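Student: Fold the following and give me the result.
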Amino acid sequence: MITYLDEASFDVPAREALLDRAFGQSRFLKSSERIRSGRLPAEGLSLVAKDGDRLVGTVRLWHVAAGFGGADALLLGPLAVAEDARGTGVGAALMRIAIGRAQEAGHRAILLVGDEPYYRRFGFSAAPTAGLAMPGPFERHRFLALELEPGVLTGATGILRPTGQVAAVAEVLAA
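Tutor: Next up is the predicted model:
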């Protein structure tokens, strides 16, 4: 039976191993990682899925500013599911829980870089990110957003930048 929980500090090694298997070492070269590096995820928005004691899924959201004078938003990622748990709804459940929690906490938008055919079912599209950019190389068609407050990204331009809490050295090493 799959359970969905807040990520705990003891989940970090299993989460990192899952991310390594899912994305490899190239994940550290992505523009999204530039935003996450040295920051803490948004409080209450780091989730894991477990099958018994085994971590089979993870998602985190991070505070960002969407462009120049832009709206406060969240950057989702990475979302990863263990290979043997893919296609079972684990990723979709993590997404629904994360979106619901973000909305309940009053966040106004969620952005991500990912496959539009997958994320479309949650309401994400490329239209709200038309004037925005990532801090480094990214594929425009994969830069998506979900406006939790309709129109919040209308007219937003510029480069996403981190606004979340800076992690202490020990927290960065543990991540």
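
Student: make it CA atoms for all contacts and neighbour counts henceforth
Tutor: OK.

Student: Can you show me the helices along the chain?
Tutor: 12-23, 31-36, 90-104, 116-119, 169-174 (DSSP state H).

Student: looking at those, which is closest to residue 135?
Tutor: helix 31-36 (5.8 Å; Cα to Cα).

Student: tell me what the closest one is packed against?
Tutor: strand 161-162 (3 or more Cα pairs under 8 Å, 6 or more residues apart in numbering; DSSP states H and E).

Student: How far off centre is stretch 36-52?
Tutor: For stretch 36-52, the separation from the chain centroid amounts to 9 Å (computed by Cα atoms, centre = their mean, to the nearest Å).

Student: hey, C-alpha coordinates of that stretch in CSV?
Tutor: Only the C-alpha atoms of stretch 36-52 are listed here, as CSV (Å, rounded to 0.1, in the frame of the first residue of the first chain):
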residue,chain,number,x,y,z
ARG,A,36,17.1,25.1,-6.1
SER,A,37,20.8,25.1,-5.3
GLY,A,38,21.5,26.3,-1.8
ARG,A,39,17.9,26.8,-0.9
LEU,A,40,15.3,25.1,1.2
PRO,A,41,12.1,23.8,-0.4
ALA,A,42,8.9,25.6,0.5
GLU,A,43,7.6,24.6,4.0
GLY,A,44,5.1,21.7,3.9
LEU,A,45,5.7,21.1,0.1
SER,A,46,8.3,18.3,0.1
LEU,A,47,6.5,15.0,-0.2
VAL,A,48,7.4,11.4,-0.6
ALA,A,49,5.5,8.3,-1.5
LYS,A,50,6.4,5.1,0.2
ASP,A,51,5.5,1.4,-0.4
GLY,A,52,6.0,0.1,3.1
